[in-house]
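Q: Return atomic coordinates for the entry below.
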Amino acid sequence: MANQQNGQEPINLTNLRKNIYAIFDEIIKTGQSVAVDRGGVSLTISLTNKGSKLDRLESMGEQSIIIGNEDGLENESVFDWEPDNGFN
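A: Below is the predicted model:
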């Protein structure tokens with residue numbers, strides 16, 4: 001795989017299209033960027049999020065989806081369910 005950071009030439013779009021899954025898998029595996037040439041302009045495909053989904057979730061911190069006062073929320077009833085009638 002061509003990698004500009006390793007002194008290799010950028011790949012062209014045809015090669016990117018032919019090998020896109022292998023190229024992306026290699027970027028994910030190694031973390032190394034790949035340069036792509038498009039009409040003399042060099043673009044870079046790189047890994048932006050390293051780490052597991054759990055790491056990213058933990059980095060978000062505690063967030064609340066409740067808007068308003070949380071006190072007494074556990075006693076609120078949004079609906080009454082009757083086995084024979086469904087939701088009321």
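
Q: C-alpha only now, for contacts and for neighbours.
A: OK.

Q: Could I get the contacting residues of S42?
A: P10, A35, V36 (CA atoms under 8 Å, 6 or more residues apart in numbering).

Q: Would you reformat the residues you listed as a markdown table and include pLDDT and neighbour count?
A: Conversion of the contacts of S42 to a markdown table gives the following (pLDDT from 0 to 100; neighbours: other CA atoms under 10 Å):
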| residue | pLDDT | neighbour count |
| --- | --- | --- |
| P10 | 91 | 20 |
| A35 | 94 | 23 |
| V36 | 94 | 22 |
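
Q: Return the closest of the residues you listed with respect to N69.
A: A35 (51.3 Å; CA to CA).

Q: Which secondary structure elements does the host helix or strand of that closest one sit against?
A: Assigned by DSSP states H and E, A35 belongs to strand 34-38. Contact partners of strand 34-38 among helices and strands, from 3 or more CA pairs under 8 Å, 6 or more residues apart in numbering; DSSP states H and E: strand 11-12, helix 13-18, strand 41-45.

Q: For K53, state which of the contacts of S42 is nearest.
A: Using CA to CA, the contacts of S42 come closest to K53 at A35, 26.5 Å.

Q: I28 against N49, yeah?
A: No. Counting by CA atoms under 8 Å, I28 does not reach N49; the two are 9.6 Å apart.

Q: which one of those two has more residues nearby?
A: Remark: of I28 and N49, I28 carries more neighbours, 16 against 10, as counted by other CA atoms under 10 Å.

Q: Quick one: neighbours of the nearest residue to that one once chain neighbours are set aside, just the number.
A: Once flanking residues are discounted, I28 sits nearest to L47: 6.6 Å by CA to CA, 6 or more residues apart in numbering. By the measure other CA under 10 Å, the count of residues near L47 is 15.
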